[in-house]
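> Next come a sequence and a model predicted from it.
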Amino acid sequence: MDITIIGTGYVGLVAGACFSKAGHNVISLDTNVERINGLNNLELPIFEPGLKNIITKSFKEKRLKFSTSYKQACVNKVIFICVDTPSKKNGEADLTNLKKVLNSLAEFIQPGAMLITKSTVPVGTGKFIKSFFDNKFANREMNLRFCSNPEFLREGSAVRDFLKPERIIIGCDSPQGRKIMEEIYHPIDKKIFNKMIYMSVSSAELSKYAANAFLATKISFVNEIAKLSDKVGANIHEIKSALGSDSRIGDQFLNAGLGFGGSCFPKDLNALYYLEKKFKLEPSIVKTVLALNNSQIDYFYNKIKKHYGRSLKNKTICFWGLSFKPNTDDVRDSMAISLINKLSKEVKYLRLYDPVANKNAKMVLSSLSDIEFFENMYDALHSSDCLIIATEWELFSKPDIKKLSFLKDKLIFDGRNILDADQLNKYNIIYNGIGC
Ligand code: UGA
């Protein structure tokens, strides 16, 4: 099948790559000329495990092309919209980019084409897209089809999530549209039919927000219990195993820590809360989850301040982890970056390390002085007073403990609860987690 993907961010690039791996012919379109030039030279704008290999192979075999031309992209009749929908100041999802796409498509789209929205969009966007084209082509029979197909991939495991999905949500009212969606997804995995869940466009749109909000709620809930554990002397790891062994609860997204960041959860929860407010649905769990998550950084920061008191200003602190989560170089809404911004005003010097996000972190922290980036985690540790772990990279969970002993204050603040406190204590290293 011939497919066009509009947008080469995380969702669009991964979708295009994976559809081409499944054998489809894909044109990936972006209006960012620099990005498309880079992709045509096989330079990826993001780090995502496994992505470069797939793109390189499909590109060389000519199943994946990159273009800035809507005319070229609209040769195909199956078109996925994968552009970003960032937050406006009031929390509402900003559909400016999506509307630009619709205007450009209106010039070249062919009769009988099917438009599939993968971007996370507010409920009602599908209806808006349909009425946009109905108005544009009021005097012309176009027979366009519309579908909502929200994406559930996680950064860091996006390729795997796309190729081995737990479910594929299809919001589509016509049987022909559903059939096309089956033809698109079938080559990825023969058993994928069992994973396709059909519903209305509005339900599909809301499902995406509901899924992200539910996962974020689990995180904020476990963070709340972790704070209580600190107060009463319980251990959040033990409580997690008690909760997680109940299949009604499940053991995922129960890791306490600095809270959730990234380009999805904060943005999508804000958009969902905006929608709730619009319909006067208060009180709101979503609002509380956002507030709890925002306060989590302060809770951790206060632990550090409480430990050091006034002497914090003489301290050199090593940071491991700058990305918002492991296996990505994405620092958007990263808790690590927020904490660095807060602490930089209070301490003498910061020594920072991330396996892949140093470059992006350097850009967002360019206004700070008295910070330094390192290419090796133990070089960053050298001559530091204490260590803060801010991202749960697996690499950090099994450190060389003898090297940790070189920390001047023999002190660790583990913002992701990934180290073993008992083991560190054997080396006389003081351990501070969240709820453990
Ligand atoms: C999230 C969802 O998990 C995806 O299903 C969804 O498709 C995506 O948003 C999106 O809307 O596009 P992502 O933001 O890539 O994916 O990352 P997650 O793995 O969900 O992690 C989000 C944040 O929660 C990270 O900062 C992570 O450190 C934090 N987290 C996660 C915790 O603090 N505790 C946990 O137990 C799990």
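Yep, it's here.

> Kindly report the residues of the protein close to the ligand.
Neighbours of the ligand within the chain, by Cβ under 6 Å from any ligand atom: 120, 151-155, 212, 215, 219, 253-255, 257, 259-262, 264-265, 268, 324-325. The way it works is simple: take the backbone N, C-alpha and C, and place the C-beta from them, glycine included.

> Please spell out the PyMOL selection for the buried subset of the residues you listed.
In PyMOL, this line selects whichever of these come out buried by 16 or more other Cβ atoms under 10 Å:
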select buried, resi 120+151+152+153+155+212+215+219+254+255+257+259+260+261+262+264+265+268+324+325
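
> Among the residues of the chain next to the ligand, which lie within helices?
Within the residues of the chain next to the ligand, residues falling in helices by DSSP state H are N212, L215, I219, F265, D268.

> Could you find the closest non-adjacent residue to the last one?
Spelled out, that is D268. N212 (4.5 Å; Cβ to Cβ, 6 or more residues apart in numbering).

> mind checking how far stretch 281-299 is from the chain centre?
Centroid separation for stretch 281-299 versus its chain: 19 Å, with Cα atoms, centre = their mean, to the nearest Å.

> which of the residues in that stretch are buried?
Buried-residue list, stretch 281-299, by 16+ other Cβ under 10 Å: I285, V286, K287, V289, L290, L292, N293, Q296, I297, Y299.

> same check, this time on stretch 227-241
K227, S229, D230, N235, I236, H237, I239, K240.

> Over to stretch 130-145?
Buried-residue list, stretch 130-145, by 16+ other Cβ under 10 Å: K130, F133, K136, L144, R145.

> Check stretch 336-343 too.
Result for stretch 336-343 [16+ other Cβ under 10 Å]: buried residues A336, I337, S338, L339, I340, K342, L343.

> before we move on, the earlier item: in terms of distance to I79, which of the buried residues of stretch 281-299 ranks first?
V286 (31.6 Å; Cβ to Cβ).

> In terms of helices and strands, where is the closest one?
helix 285-308 (DSSP states H and E).

> Give the other helices and strands that that helix contacts.
Here helix 285-308 touches helix 201-232, helix 265-278, helix 335-344, strand 411-414, going by 3 or more Cβ pairs under 8 Å, 6 or more residues apart in numbering; DSSP states H and E.

> a markdown table for these, including mean pLDDT?
As requested, the helices and strands packed on helix 285-308 are exported to a markdown table (pLDDT from 0 to 100):
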| stretch | mean pLDDT |
| --- | --- |
| helix 201-232 | 98 |
| helix 265-278 | 96 |
| helix 335-344 | 97 |
| strand 411-414 | 98 |
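
> Of all those, which one comes closest to I170?
helix 201-232 (6.8 Å).

> Against which helices or strands is that closest one packed?
Under the contact rule (3+ Cβ pairs under 8 Å, 6+ apart), helix 201-232 is packed against helix 125-136, strand 145-148, strand 168-171, helix 236-244, helix 265-278, helix 285-308.

> at 10 Å what do you get?
strand 114-117, helix 125-136, strand 145-148, strand 168-171, strand 196-199, helix 236-244, helix 265-278, helix 285-308 (3 or more Cβ pairs under 10 Å, 6 or more residues apart in numbering; DSSP states H and E).

> buried sites along the following helix or strand past the last one?
Scanning the chain past helix 285-308 towards its C-terminal end, the next helix or strand to appear is strand 316-320 (assignment: DSSP H and E). Neighbour-count burial for strand 316-320, with 16+ other Cβ under 10 Å as criterion, is recorded at T316, I317, C318, F319, W320.

> just to revisit the earlier point, for the ones in helices among the residues of the chain next to the ligand, which one is nearest I169?
N212 (12.8 Å).

> from memory the closest one sits against C264, does it?
Yes. Counting by Cβ atoms under 10 Å, C264 is a contact partner of N212 at 6.1 Å.

> Residues that sit against both of these two, list them.
Contact criterion Cβ atoms under 10 Å, 6 or more residues apart in numbering; residues shared by N212 and C264: T120.

> And for D370, the neighbour number?
10 (other Cβ atoms under 10 Å).

> ok, K403 - how many residues close by?
Neighbour number of K403 under other Cβ under 10 Å is 12.

> Distance of it relative to I388?
16 Å (Cβ to Cβ, to the nearest Å).

> Please name the bridge partners of D2.
N25 (DSSP bridges).

> Tell me the confidence at it?
On pLDDT, D2 comes in at 98.

> what number of residues lie near it?
D2, neighbours per other Cβ under 10 Å, totals 11.

> For it, give me its contacts.
Counting by Cβ under 10 Å, 6+ apart, D2 touches H24, N25, V26, I27, V75, N76, K77, V78.

> Derive a ChimeraX selection command for the buried subset of those.
In ChimeraX, a selection of the buried entries from these looks like this (16+ other Cβ under 10 Å):
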select :24,25,26,27,76,77,78
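
> picking up where we left off before, out of the buried residues of stretch 227-241, who's nearest the ligand?
Relative to the ligand, the closest of those is K240; by Cβ to the nearest ligand atom it sits at 9.0 Å.
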